[in-house]
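> one predicted model, sequence on top.
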Amino acid sequence: MRAAGWKWLIARRLSQALFVALFLAGPLAGLWVVEGTLASSLTLGVLPLTDPLILLQSLLARHWPEATALLGAAIVVAGYLLVGGRAYCSWVCPLNPVTDAAHWLRVKLGLREGVTISPRLRLWVLAGALAASALFGTLAWELVNPVTITHRALVFGGGVMWLVAVGVFVFDLAIARRGWCGHLCPVGAAYGLIGKGSLLRVSAVRREACDDCMDCYAVCPEPRVLTPALRGKAKGFGPVILSGDCTNCGRCIDVCPQDVFGFASRFDKREQTIGPQQGEYVP
Amino acid sequence: MTGPGEKKTVDRRELLAGGVRAVCGAGFFALGLGMLGRQAETRAAQSLRPPGALAEADFLAACSRCGLCVRDCPWDTLRLAGIGDGAALGTPFFDARAVPCEMCQDIPCVVACPTGALDHRLTDIKQAKMGVAVLVGQETCLNFLGLRCDVCYRVCPLIDEAITLERSHNERTGKHARFIPTVHSDKCTGCGKCEKACVLEEAAIKVLPAELALGRLGGHYRLGWEEKRKHGESLLKDIIDLPDRGYGDGTATPYGGAERGANGAFKEFKP
């Protein structure tokens, strides 16, 4: 890998730390900016937010919630329609640093072996969790959801429940490469469905400058999403990464030595073409 | 990767097999989750729900496990359940012996609930039904032993309504009274202040979930005296009042003047 930028990675870690700090400022320092957890929260006493997957489970379990939860989920869906569905995964979710750490260690240790899981499996996990909610009249995924369990452990104290996060770490380290976030987590799958229509996307805006160094494929948590935008020009694909699986983490923007990638609107079909001399841009 | 203009050849059999595998897998997974959920529905008797909580099955369909009720409880009564706390993972509960509900008039926990798992129609805390206090330890309760402890009665926020002291004769001494703490389930909110305050090492009075604490008559049962009161008079006319057997010493004849023999038995009585 050549000289890599860190801008978006640092921004992302700061964002993750900020969300943890917002939720912990109340219980630790008495600064009640945000109350609750990622399942449902109240910011500054006025802004209600509710996780849309939790609300959906509740609706399927045949509970019609108070307007607060409906409004909260609508705000969350609207927000992620703007910034990218799985931006939740890479900028907010408390498990992302855990699985990123597992992946980092996996690379450091040179662990290449692992179970191959279809990335589509998370959609079936999602389907199963929703079916169980409907059939058994309970919030089925919340019985085992490592995301909310970890966040509750963080905000309310977890004790033995921290083992769930440890389990996800071990799974990603020893069993499957990017196993949890990239293949199994139905929360990510649900946000990925929102992401199918979201506005802010990564675009391979200078894809003509790509010299096939493969650095972006090496860092991307969902490398499949890169191919159509980066290499699909001949097949009629635009430069914008439209897959809902893209987490808008921006790591590809950081590492690309040719500055191929950048954030753009999903409707922005423009490309920068490369001039006759290599490296000279013609806007 | 296939482009828009390109035709992809798909083996139909493979597609079908993959689909069946995925659907069966998801179904199997759903079944496992559901069974886990059923197990989580069993709640320990000492784990009480906050005021206004829906019936347990409805509550588990509604509660988002966010902890806002816990945050807004000014007495730190409520906690979110971890493993082994006797309530479904992440749901709010309280243990009355540890910290009882102080019955805030504005019920902040209910107001905070975004989903309605705590029913917002509950606006009068006296109408809450978190459980019902039961004097389970009749062999150890100091009032049953003949003392005047009365602590559970004194601390009850609905004193003389939810708990009353009922006087009875102390058979052991033969000359004293016993004041028996008596819970009235229609008034008891299940706040648990009595259980918290009980002076014994193990509380003699405990708040139990209503389904454990209360019996229920069969729906078809009618209480004769209630029916009689509603009707204004006896529903059955001309009842033959047969003499009762076995009472009296044989001299008095309060039972319709039936004659008795020398041994006190009724003469010519054939049931």
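Looks like it came in fine.
> need the helices for the stretch 151-283 of chain A, in chain order.
For the stretch 151-283 of chain A, helices defined by DSSP state H, counting those that start in this stretch occupy the ranges A:162-170, A:179, A:186-195, A:215-219, A:226-231, A:251-255.
> quick one, grab the pLDDT at residue A:200.
pLDDT recorded at residue A:200 is 96.
> same question for the one 4 residues further on.
Looking at residue A:204, its pLDDT is 94.
> need the phi and psi values for it.
Main-chain torsions, residue A:204, degrees, to the nearest 10: phi -80, psi 70.
> how close does it get to chain B?
Separation of residue A:204 from chain B (Cβ to the nearest Cβ, to the nearest Å): 14 Å. Just so you know, the C-beta spots here come from the backbone N, C-alpha and C atoms, and that holds for glycine as well.
> and for that residue, the neighbour number?
Neighbour count of residue A:204, defined by other Cβ atoms under 10 Å in any protein chain shown: 28.
> need the contact list for it.
A:210, A:226, A:229, A:230, A:239, A:240, A:241, A:260, A:261 (Cβ atoms under 8 Å, 6 or more residues apart in numbering or on different chains).
> mind running it again at 7 Å?
A:229, A:230, A:239, A:260, A:261 (Cβ atoms under 7 Å, 6 or more residues apart in numbering or on different chains).
> one more: residue B:22?
Neighbouring residues of residue B:22 by Cβ under 7 Å, 6+ apart: residue A:124.
> secondary structure element for it, which one?
helix B:12-40 (DSSP states H and E).
> please point out which parts of that helix sit buried.
Residues of helix B:12-40 classed as buried: B:22, B:26, B:27, B:29, B:30, B:33, B:34, B:36, B:37, B:40 (neighbour count, 16 or more other Cβ atoms under 10 Å in any protein chain shown).
> need the contact list for the fourth one.
In other words, residue B:29. A:125, A:128 are the contacts of residue B:29 under Cβ under 7 Å, 6+ apart.
> same deal with the last one?
Taking Cβ under 7 Å, 6+ apart as the criterion, residue B:40 is in contact with A:143, B:88, B:89.
> before we move on, what about the second one?
Residues touching residue B:26, when contacts are defined by Cβ under 7 Å, 6+ apart, comprise A:124, A:127, A:128, A:131.
> among those residues, who's most crowded?
residue A:128 (25 neighbours).
> and residue 117, how many residues sit next to it?
In the absence of a named chain, chain A is used. The tally of other residues near residue A:117 (other Cβ under 10 Å) stands at 17.
> switch to chain B, please.
For residue B:117, the count of nearby residues is 29 (other Cβ under 10 Å).
> and residue A:69, how far from chain B?
To chain B, residue A:69 is 4 Å away according to Cβ to the nearest Cβ.
> just the strands in the stretch 1-150 of chain B please.
With DSSP state E, counting those that start in this stretch, the ranges of strands along the stretch 1-150 of chain B come out as B:79-80, B:92-93, B:132-135.
> residue B:75 reaches residue B:102, doesn't it?
Yes: assessed by Cβ atoms under 7 Å, residue B:75 is found in contact with residue B:102 at 4.8 Å.
> can you pull the contacts of residue B:192?
Applying Cβ under 7 Å, 6+ apart, the residues near residue B:192 are B:48, B:96, B:100, B:101, B:207.
> if we can go back for a sec, any idea which of the strands of the stretch 1-150 of chain B is most buried?
Comparing those by mean neighbour count (mean count of other Cβ atoms under 10 Å in any protein chain shown), strand B:92-93 comes out on top with a mean of 25.
> quick check, residue B:180 in a strand?
Yes: under DSSP: H, G, I helix; E, B strand; the rest coil, residue B:180 sits within a strand.
> that one - nearest residue in space that isn't next to it in sequence?
residue B:166 (4.8 Å; Cβ to Cβ, 6 or more residues apart in numbering or on different chains).
> repeat for residue A:256
Per Cβ to Cβ, 6+ apart, closest to residue A:256 is residue A:216, 5.7 Å.
> near that neighbour, how many other residues are there?
When neighbours are counted by other Cβ under 10 Å, residue A:216 registers 22.
> got it, and residue B:211?
Residue B:211, neighbours per other Cβ under 10 Å, totals 13.
> what's the pLDDT at residue 111?
The chain I'm using is chain A. Model confidence at residue A:111, given as pLDDT, is 87.
> oops, I was thinking of chain B
Note on residue B:111: pLDDT of 96.
> kindly report the same for the one 4 residues further on.
Per-residue confidence for residue B:115 comes out at a pLDDT of 96.
> do residue A:119 as well
At residue A:119, the model reports a pLDDT of 88.
> residue B:16 too?
Predicted confidence (pLDDT) for residue B:16: 87.
> low-scoring stretches of chain B, by residue?
Along chain B, the parts satisfying pLDDT under 70 run over B:1-10, B:246-271.
> which residues of the stretch 151-283 of chain A score low on pLDDT?
Scanning the stretch 151-283 of chain A for pLDDT under 70 picks out the ranges A:274-283.
> make it 80
For the stretch 151-283 of chain A, the stretches with pLDDT under 80 are A:273-283.
> quick one: name the residues of it near chain B.
Residues of the stretch 151-283 of chain A lying close to chain B (Cβ under 7 Å from any Cβ of the partner chain) are A:152, A:155, A:156, A:159, A:160, A:161, A:227, A:228, A:232, A:235, A:236, A:237.
> mind checking which residue lies nearest the centre of the chain?
Since you didn't name a chain, this refers to chain A. The residue lying closest to the centre of chain A (Cα atoms, centre = their mean) is residue A:89, at 2.3 Å.
> wait, chain B
Centroid-nearest residue in chain B: residue B:210, 0.7 Å away (criterion: Cα atoms, centre = their mean).
> for it, which non-adjacent residue is spatially closest?
residue B:132 (5.3 Å).
> so that neighbour makes contact with residue B:213?
Yes: assessed by Cβ under 7 Å, residue B:132 is found in contact with residue B:213 at 3.9 Å.
> how is chain A divided into domains?
A:7-194, A:201-282 (automatic domain parsing).
> quick one, which of the ones you listed is packed in tightest?
Scoring these by mean count of other Cβ under 10 Å, the most buried comes out as domain A:7-194, with a mean of 19.
> okay, how far is it across it, tip to tip?
26 Å (Cα to Cα, to the nearest Å).
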